[in-house]
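[1] Attaching a predicted model along with its sequence, questions to come.
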Amino acid sequence: MEIPPKSPDGSEKSPQSKKLITSNTGSTLCMSSRSESVWTSASRSKWDIYHKPVIVVSVGAAVFLFGTVITSLSCFLPQNKDVYKMCGPAFLSLGLMLLVCGLVWIPIIRKKQKQRQKSQFLQSLKSFFFNR
């Protein structure tokens, strides 16, 4: 007859029973869900709301300017002219794409903020009239 080995910490539980211990990952998952932010009405600063599009716009502008510099180098420097002519427009287009995406993102966020304020106002009106 074989005796099951003891665990390293000295407890008598077998390794199989330790695997069966339930964890609270389900409750942690629900607590950290993204939909939780919809129900909280804490006001956020402008930077908290607009920091992602501002970063995208600034990175796009920097890459666009870098592409402009590289493209202009192809006009002034005769050596490595082909490299400048290939890389310059690539950086120009990438920078322009990021710049436009960030500039379009800002009005979308503004529209969502207005819709959220309207829905909170209507919700408070509804609760005022129906809870009397």
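    That came through fine.
[2] May I ask which helix or strand of the chain has the lowest mean pLDDT?
    Taking mean pLDDT, DSSP states H and E as the measure, the chain has helix 36-39 as its least confident helix or strand, at a mean of 47.
[3] Would you tell me what the next helix or strand after that one is?
    Remark: after helix 36-39, the chain's next helix or strand is helix 46-76, criterion DSSP states H and E.
[4] name the helices or strands packed onto that next one?
    Counting contacts by 3 or more Cβ pairs under 8 Å, 6 or more residues apart in numbering; DSSP states H and E, helix 46-76 packs against helix 81-130. Yep, even glycine has a C-beta here, placed from its N, CA and C like the rest.
[5] now the helix it packs on against helix 46-76, angle please.
    Interaxial angle of helix 81-130 relative to helix 46-76 (axes from the mean of the first three to the mean of the last three Cα atoms, to 10 degrees): 160 degrees.
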